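Enquirer: What would the 3D arrangement of this be:
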Amino acid sequence: MQRIRIGIIGIGNCASSLIQGIHYYRDKKPEAAIGLMHWEIGGYKPSDLEVVAAFDIDRRKVGLDVSKAIFAEPNCTTVFCPDVPDSGTTVSMGAVLDGYSDHMEEHPDHHAFRLADATAASREDVVRILRDSGTEVLLNYLPVGSEEATRFYAECALEAGVAFVNNIPVFIASDPVWARRFEERRLPLIGDDIKAQLGATITHRTLTDLFRKRGVTLDRTYQLNTGGNTDFLNMLNHSRLASKKKSKTEAVQAVASKRLDDDNIHVGPSDYIPWQKDNKICFLRMEGRLFGDVPMNLELRLSVEDSPNSAGVAIDMVRLAKLALEQGRGGVLDAASAYFCKHPPRQFTDEEAYAMTEAFIEEYENSKRAIRDISRGERQPAALAV
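Expert: Next up is the predicted model:
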């Protein structure tokens, strides 16, 4: 199989976990590959991903090989694969725009952000890098609230002819105008706002769906989260949180038996605690009524390492985008977006989205198998008709 050539916007903790994972699983056998939803998708394994382009605006990362930049401050995620070899890909200066909040510079170096003094990239610069590197799939890991910067890079993806995976709560895939533009260019689009492998949102959704299926009325609920990485530090600026709160809230509302009034649901980041580093702690409460209108409540505490939790999903999103590229499919990938993101254009239950995603993979594999059989003279072309 060929490699999947990826570009990454924002070499923070999530990028660090993803890149570590590409190398961590390289020497693993399928039966020993813990922590993956899929060992292989369409013939592509985790180690088939190759980072060929990278963008950041922190002076401690710009100009470094990606293999070094992923361990530079203020990154603080778990190092589970310390021996990442040099990639030959240098982190390029990206566009600044609203890609960071001013308050991020007020904290100590090991927590905060430091703007590079290099000239910010233009659209022409980014497009050239994507084209020259042969990037096929571009992942957006910008900080929450980077509305202008995300649209800037989405434009670059369209111009360079690459698939776009939008991991943050800026609405690109769920905006019909953007979705149509990617469809017209026959470029895959997955988004918006990555849903962690087993994090606060997927747990909250699963329990909300369970209430619905078991006939329990959900009256009110909250989800409070704390963490000590730069994502939580960035979100201390509440003006950057509007789309994040909307995305997380809608993910829960979408699977409830009936929508809760705004006063009865609170879902969102809560506070930054530096010593937690990349550990994210979720406090979840759900109040409802059982048979006979008898009240009940549920309280849950979930502790996860935030960025590996994200990478466990991103590794599949990239591979599905590659499959769509090979099939010439453009526009939003509904199955992948619904299963892997909090704010897709169309919400489904996680059970439905899982089935849709597996069907997408099976359809691809059946198509490839049929093409291979034809090339061997074992099947007539008419068998490919769908």
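Enquirer: Excluding chain neighbours, give the residue nearest to M235 in space.
Expert: By the measure of C-beta to C-beta, 6 or more residues apart in numbering, the closest residue to M235 outside its immediate chain neighbours is P269, 4.7 Å from it. For every residue, glycine as well, the C-beta is placed using N, CA and C.
Enquirer: Is the one you found in contact with N237, as I believe?
Expert: No. Assessed by C-beta atoms under 8 Å, P269 is found out of contact with N237, at 11.0 Å.
Enquirer: Among these two, which residue is more densely surrounded?
Expert: Just comparing P269 and N237: by other C-beta atoms under 10 Å the higher neighbour count belongs to P269, 23 against 16.
Enquirer: and that one, that one's in a strand?
Expert: Yes. Residue assignment for P269, taken from DSSP: H, G, I helix; E, B strand; the rest coil, places it within a strand.
Enquirer: which residues does it contact?
Expert: Contacts were defined as C-beta atoms under 8 Å, 6 or more residues apart in numbering; by that measure P269 touches N225, G227, F232, M235, L241, K244.
Enquirer: Quick check: which element contains the first one?
Expert: Meaning N225. Under the assignment given by DSSP states H and E, the secondary-structure element containing N225 is strand 217-227.
Enquirer: Show me what that strand is in contact with.
Expert: 200-201, 204, 208, 211-212, 232, 248, 252, 256-257, 260, 264-273, 276, 278-289, 306.
Enquirer: go again using 7 Å as the cut-off
Expert: 200, 204, 208, 211, 256, 260, 264-267, 269-273, 276, 279-289, 306 (C-beta atoms under 7 Å, 6 or more residues apart in numbering).
Enquirer: Sheet partners, orientation included, of it?
Expert: The strands that strand 217-227 pairs with in its sheet are strand 265-272 (parallel), strand 279-289 (antiparallel) (by DSSP bridges).
Enquirer: can you put these in CSV and add mean pLDDT?
Expert: Output for those, formatted as CSV (pLDDT from 0 to 100):
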stretch, mean pLDDT
strand 265-272, 90
strand 279-289, 98
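Enquirer: for the stretch 101-250 of the chain, what spans make up the helices?
Expert: If DSSP state H, counting those that start in this stretch is used as the criterion, the helices of the stretch 101-250 of the chain fall at 123-133, 147-160, 176-184, 200-213, 230-234, 242-253.
Enquirer: which other helices and strands contact the second one?
Expert: For helix 147-160, the contact count by 3 or more C-beta pairs under 7 Å, 6 or more residues apart in numbering; DSSP states H and E identifies helix 123-133, strand 137-140, strand 163-166, helix 176-184 as packing neighbours.
Enquirer: what about the closest residue to Q253 other than its chain neighbours, how many neighbours?
Expert: Counting by C-beta to C-beta, 6+ apart, R259 is the residue found nearest to Q253 once chain neighbours are left out, at 5.3 Å. By the criterion of other C-beta under 10 Å, R259 has 12 neighbours.
Enquirer: isn't there a helix covering R259?
Expert: No. Per three-state DSSP, R259 lies outside any helix segment and is coil.
Enquirer: and it, how far is that from A200?
Expert: Going from R259 to A200 by C-beta to C-beta, to the nearest Å gives 20 Å.
Enquirer: next one: S87
Expert: Applying C-beta to C-beta, the value for S87 to A200 is 32 Å.
Enquirer: Helix, strand, or coil at the residue lying farthest from the centre of the chain?
Expert: Using C-alpha atoms, centre = their mean, the residue of the chain lying farthest from its centre is G292. It sits 41.9 Å away. Under the three-state scheme (three-state DSSP), the conformation of G292 reads as helix.
Enquirer: can you pull the contacts of it?
Expert: With contact taken as C-beta under 7 Å, 6+ apart, G292 is in contact with no other residue.
Enquirer: and it, what pLDDT?
Expert: Taken from the predicted model, the pLDDT recorded for G292 is 98.
Enquirer: so who does K280 touch?
Expert: Taking C-beta under 7 Å, 6+ apart as the definition of contact, the neighbours of K280 are N225, G227, V304, D306.
Enquirer: How about it: which residues does it bridge to?
Expert: Beta bridges link K280 to V304 when assigned by DSSP bridges.
Enquirer: Quickly note the distance from the nearest residue to S270 once chain neighbours are set aside to A200.
Expert: Using C-beta to C-beta, 6+ apart and skipping the chain neighbours, the partner closest in space to S270 is L224 (4.3 Å). L224 sits 9 Å away from A200 when distances are taken as C-beta to C-beta.
Enquirer: Flag the shaky bits of the stretch 251-386 of the chain, pLDDT-wise.
Expert: Applying pLDDT under 70 to the predicted model, the residue ranges of the stretch 251-386 of the chain that meet it are 372-373, 375-386.
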